[in-house]
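J.: I'd like to go over a predicted model; first the sequence, then the structure.
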Amino acid sequence: MESYSTKLTWESLRPRGEKQDWAGKVWFKGHVPSHAFMMWVAHLDRLPTRSRLASWGLQIDTCCCVCNHFHETRDHVFLRCEYAEQIWKMAIRRLGYRPVLFHTWDALLAWIEMRVRHCPSTLRKLTVQAILYRLWRERNQRLHNASPTPPQVSFKEIDRQIRNTILAMKHRRNFKNLMQIWLTHE
């Protein structure tokens, strides 16, 4: 070779796999890296929930540390826990939908990719990722610090994160009208 190419070297060392159908729901233009990473790990169901840790042989309580009622699984922490349901209701209302709850991960993914006029998928993806990130932080905060945060306070943090992301990306085509849509049903 006459010249060295880092790109070609990288591509020869790291063969690419098939693109997954869920990749666009996790990695999209304008995603918040920490939120997208959390969504990716959650989608693969690799988060260290108590049920998962117990399946590895650890002798721990498998009850959810947020509600203390059900086994702590990905779907419970992010979709079925009372705390999560309250946050989802606030977010769904803010996006202009009638309150709906997701009881399976597949139902959440199907909702993200729905084609509707009044709420672009970019805003739904941002919202879902911000909620998942905040719910996991709340779970860890309760587990390690025994310090609960009311759902309304958590939703204010989610709201602030979404507003900041939209403002930071306002020059991008997919983000042009998102603030107006996000604030319409405040």
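T.: Received it, and whenever you're ready, just let me know what you need.
J.: Longest helix in the protein, please.
T.: Counting by DSSP state H, the longest helix found in the chain is helix 121-145.
J.: by contact count, what packs against the next helix or strand along the chain from it?
T.: Scanning forward in sequence from helix 121-145 by DSSP states H and E, the next helix or strand is helix 151-168. Applying 3 or more Cβ pairs under 8 Å, 6 or more residues apart in numbering; DSSP states H and E, we find helix 151-168 packed against helix 82-94, helix 121-145, helix 178-184. Bear in mind the C-beta positions are built from the backbone N, C-alpha and C, glycine included.
J.: just to revisit the earlier point, packing partners for the longest helix of the chain?
T.: Using 3+ Cβ pairs under 8 Å, 6+ apart as the contact criterion, the elements in contact with helix 121-145 are helix 33-43, helix 82-94, helix 105-113, helix 151-168, helix 178-184.
J.: Which pLDDT does the model give W10?
T.: In this model, W10 is scored at 87, pLDDT.
J.: what do you get for M1?
T.: Per-residue confidence (pLDDT) for M1: 59.
J.: returning to that earlier point: dump the helices and strands packed on helix 121-145 into CSV; add mean neighbour count and distance to L126 as well.
T.: Shown next, in CSV, are the helices and strands packed on helix 121-145 (neighbours: other Cβ atoms under 10 Å; distance: least, Cβ to Cβ, whole Å):
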stretch, mean neighbour count, distance to L126
helix 33-43, 18, 8
helix 82-94, 19, 11
helix 105-113, 15, 10
helix 151-168, 16, 6
helix 178-184, 15, 8
